[in-house]
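Participant: need coordinates for the below:
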Amino acid sequence: MKYLCLVYYQESDIDAMSQADWDNLNGECMAFGESIMESGHRLGGEALEPTHTATTVRVRNGKVSAVDGPFAETKEQLAGFYELDAKDLNEAIQVASRIPPARFGSIEIRPVRQLATSNNSR
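Facilitator: Model prediction:
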């Protein structure tokens, strides 16, 4: 089963890190990504630029609007994601618990919904 692990942390905490601490965290993330690729759990994943680079798009009554910044004001910001292949939620939790930024924030695990290829409903 596919799961998406959304990595959240407070950007202000990360901004307060020394360059050495930031480099160490990035190194841990790279090593973690390689380890779950080798184990067959990693299907994909990327780090995201900070929220000040985000643009939110909405379409209302056929009108498109684009606004700088993320949609929601939250305590923690979305920093990146991993797409995993795991036999069940318990295995996904075990893998996600090793994501290095979990020490600073949280990891939201969501099953990936398989979209129907025909006109089937949800």
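
Participant: can you check which helix is longest in the protein?
Facilitator: The longest helix of the chain (DSSP state H) is helix 19-38.

Participant: for that helix, packing partners?
Facilitator: Packing partners of helix 19-38 (3 or more C-beta pairs under 8 Å, 6 or more residues apart in numbering; DSSP states H and E): strand 42-47, strand 77-85. Where C-beta positions appear, they are placed from N, C-alpha and C, glycine not excepted.

Participant: got the angle for that helix vs strand 42-47?
Facilitator: 160 degrees (axes from the mean of the first three to the mean of the last three C-alpha atoms, to 10 degrees).

Participant: could you list the residues in contact with helix 19-38?
Facilitator: Helix 19-38 has contacts (C-beta atoms under 8 Å, 6 or more residues apart in numbering) with 14, 17, 42, 45, 47, 82, 84, 95, 98-101.

Participant: check the offset of that helix from the chain's centre.
Facilitator: 15 Å (C-alpha atoms, centre = their mean, to the nearest Å).

Participant: buried ones in it?
Facilitator: For helix 19-38, burial by neighbour count (16 or more other C-beta atoms under 10 Å) applies to 25, 29, 32-33, 36.

Participant: reformat the helices and strands packed on helix 19-38 as JSON lines; add distance to G62, mean pLDDT and mean neighbour count.
Facilitator: Output for the helices and strands packed on helix 19-38, formatted as JSON lines (distance: least, C-beta to C-beta, whole Å; pLDDT from 0 to 100; neighbours: other C-beta atoms under 10 Å):
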{"stretch": "strand 42-47", "distance to G62": "32", "mean pLDDT": "95", "mean neighbour count": "14"}
{"stretch": "strand 77-85", "distance to G62": "28", "mean pLDDT": "95", "mean neighbour count": "20"}
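
Participant: out of these, flag the one nearest E108.
Facilitator: For the helices and strands packed on helix 19-38, the distance to E108 is smallest for strand 77-85, at 8.9 Å, taking C-beta to C-beta.

Participant: circling back to that earlier point, mind picking the two most distant members of the contacts of helix 19-38?
Facilitator: Largest pairwise distance in these, by C-beta to C-beta, is 26.2 Å, between M17 and L84.
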